[in-house]
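K.L.:
next come a sequence and a model predicted from it.
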Amino acid sequence: MPHDGTTEVEIPHDLLVQNYTDPVAAIVSVTYPDLMENLTNNDYFNDRAILSPTIEVVNQVTAKFLNTISSFGLPMHKLTLKVGVPIMLLRNIDEASGLCNGTRLRVTHLGKSMIEAITLNGSKPNEKVLIITWT
């Protein structure tokens, strides 16, 4: 059946997030219930993700969500990683090593220009990887 590159998808009723005032906060809280209790549980993050159709939407949602976070000692509009938090790659870094867009990892060590993490999914789960960062 030919189409112009778009289609409608019906979302099952039990997956809809309802009765909210802040849609981004609602999606996060429904997707990651009991987040703090599960920070070290690799399976918890393997079973959950917030999907977005385009990078533009990701940027909108991410910026909106980050702007709502205020915590003592945490500067506004700055993402601070900590050991133990889950992260997801948003681009291919090294496909042969399994570091591709969508790969989930858990941070195990942070250096001045390096992130050490354990892969949670992808073609090589439970492997230690080093990601060199630059600012």
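P.N.:
That came through fine.
K.L.:
any low-confidence regions in this protein?
P.N.:
The model of the chain has pLDDT under 70 over residues 1-3, 53, 59-79, 134-135.
K.L.:
now the helices for it?
P.N.:
Secondary structure of the chain (DSSP state H): helices located at 23-31, 42-46, 55-68.
K.L.:
report the central residue of the chain.
P.N.:
In the chain, the centroid-proximal residue (Cα atoms, centre = their mean) is residue 88; its distance is 4.7 Å.
K.L.:
residue 49 is in contact with that residue, correct?
P.N.:
Yes - with contact defined as Cβ atoms under 8 Å, residue 88 counts as touching residue 49 (7.5 Å). C-beta here means a position set from N, CA and C on the backbone, and glycine is covered the same way.
K.L.:
gap between residue 94 and residue 100?
P.N.:
Applying Cβ to Cβ, to the nearest Å, the value for residue 94 to residue 100 is 8 Å.
K.L.:
show me which of the two is the more surrounded one.
P.N.:
Higher neighbour count among residue 94 and residue 100: residue 100, with 15 against 12, using other Cβ atoms under 10 Å.
K.L.:
burial of the closest residue to that one other than its chain neighbours, as a residue count?
P.N.:
Nearest residue to residue 100, sequence neighbours excluded (Cβ to Cβ, 6 or more residues apart in numbering): residue 92, at 4.9 Å. By other Cβ under 10 Å, the residues close to residue 92 number 11.
K.L.:
cool, and the one 4 residues further on?
P.N.:
When neighbours are counted by other Cβ under 10 Å, residue 96 registers 8.
K.L.:
do residue 129 as well
P.N.:
18.
K.L.:
need the overlap of contacts for residue 88 and residue 49.
P.N.:
Shared contacts of residue 88 and residue 49 (Cβ atoms under 8 Å, 6 or more residues apart in numbering): residue 104.
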